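Q: coordinates only, sequence not included:
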Ligand SMILES: Nc1ncnc2c1ncn2[C@@H]1O[C@H](COP(=O)(O)O)[C@@H](OP(=O)(O)O)[C@H]1O
Ligand SMILES: [Mg+2]
Ligand SMILES: [Mg+2]
Ligand SMILES: [Mg+2]
């Protein structure tokens with residue numbers, strides 16, 4: 001993740017992001033009422049899905065590094081499968097491990113894990129929109145590990161952490177493993193005197209807004225990236241991350257869910273159910289995102305989402 005973060009910074013300082021618009025079909029469930037559909041189309045869903053040279057190169061670095069060491073593990077990356085002839089520069093292939101984590105005792109629930117039980121979900125650059133607009137601290141590299149369909153391990157690397165205040169921007173790497181704990185940051189609980197929600201800044205629509213209104217927050221933090229929004233929960237800047245939209249994908253939420261849950265928080269769909277991250281699942285998080293920080297009553301908050309809104313996100 002850290003090597004991928006270096007690539008992301010090198011592409012930015014090289015000056016040519018080589019941005020392309022990804023092709024995407026718009027699918028809207030029939031149960032969504034007409035004015036919701038119009039508002040989604042007015043906001044241009046499907047017209048803000050960019051890919052840059054940094055997304056492509058960071059993914060090649062991560063997938064080459066992981067597949068060399070773990071040839072029998074399924075690895076799924078946002079930017080699609082690489083071609084079998086894809087050679088990556090040798091200094092992009094990382095094989096050393098973090099000695100601090102390796103030296104800890106593996107929780108016994110993973111002691112019998114086989115390669116075929118594992119799926120790694122890679123978002124090489126989360127917050128691409130914000131990256132292209134220079135909101136660099138919204139960018140993260142996300143590598144999530146699912147075991148038997150559950151998101152249990154995750155790394156969130158933030159390459160531009162403190163970039164506005166530090167001369168030598170080294171970034172930081174946060175990790176979590178359910179059953180073992182978290183590292184790379186200081187967990188903070190959110191304030192008790194007000195209720196703060198974080199949500200998208202670049203993929204909003206009428207339903208996203210309606211869900212936020214139903215929860216009646218004191219403050220809404222509109223920031224980029226699923227990884228960055230979960231960082232706000234981990235560090236006590238917000239109580240909940242709510243996104244009533246089908247726009248995020250499994251690679252956006254696997255690593256954040258694992259780190260958040262390793263700390264005692266929760267990430268589910270807007271009905272309050274966990275997603276499966278097994279290798280055969282559909283990529284979209286089609287029932288939206290509802291995540292809460294440690295100590296926040298997830299079920300009570302979920303129950304405040306009105307029924308007619310939930311019906312826009314059927315299984
Ligand atoms: N309507 C939509 N269309 C395409 N991607 C969407 C989307 N809504 C959310 N996403 C993806 O979900 C991630 C978090 O979105 P947001 O910053 O708006 O909260 C981003 O990941 P990437 O930047 O990795 O593509 C973004 O592209
Ligand atoms: Mg993307
Ligand atoms: Mg993403
Ligand atoms: Mg991405």
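A: That came through fine. Just so it is clear, the model here is predicted, and its values are computed rather than measured. Ligands and ions are numbered 1, 2, ... in the order given.
Q: Could I get the phi/psi values of whichever residue of the stretch 51-200 of the chain sits closest to ligand 3?
A: Proximity of the stretch 51-200 of the chain to ligand 3 (C-beta to the ion) peaks at residue 126, 3.5 Å away. C-betas here are computed from N, CA, C, even on glycine. Residue 126 adopts backbone torsions of phi -100, psi 130, taken as degrees, to the nearest 10.
Q: which residues sit in contact with it?
A: Applying C-beta atoms under 8 Å, 6 or more residues apart in numbering, we find residue 126 in contact with 139, 140, 141, 142, 225, 226, 227, 228, 252.
Q: OK, now which residue of the chain is nearest to ligand 1?
A: The chain approaches ligand 1 most closely through residue 247 (2.2 Å), counting by C-beta to the nearest ligand atom.
Q: I'd say residue 234 and residue 262 touch.
A: No - contact between residue 234 and residue 262 fails when scored by C-beta atoms under 8 Å: they sit 9.8 Å apart.
Q: the strands in the stretch 51-200 of the chain, which residues?
A: Assigned by DSSP state E, counting those that start in this stretch, the stretch 51-200 of the chain shows strands spanning 74-77, 118-126, 140-147, 150-158, 172-177, 181-183, 196-199.
Q: What's the mean pLDDT across the first one?
A: Per-residue pLDDT over strand 74-77 has a mean of 98.
Q: Residue 253 in helix, strand or coil?
A: Put simply, residue 253 is helix when judged by DSSP: H, G, I helix; E, B strand; the rest coil.
Q: what separates residue 304 from ligand 4, distance-wise?
A: Noted for residue 304: a distance of 30 Å to ligand 4, by C-beta to the ion, to the nearest Å.
Q: What strand or helix carries that residue?
A: Counting by DSSP states H and E, no helix or strand carries residue 304.
Q: Show me the shaky parts of the stretch 101-250 of the chain.
A: Scanning the stretch 101-250 of the chain for pLDDT under 70 picks out no residues.
Q: Just want the residue of it that's nearest ligand 4.
A: Counting by C-beta to the ion, the stretch 101-250 of the chain gets nearest ligand 4 through residue 123, at 4.4 Å.
Q: Neighbours of residue 53, how many?
A: Other residues near residue 53 come to 18 when the count uses other C-beta atoms under 10 Å.
Q: who are the neighbours in contact with it?
A: With contact taken as C-beta under 8 Å, 6+ apart, residue 53 is in contact with 11, 16, 17, 18.
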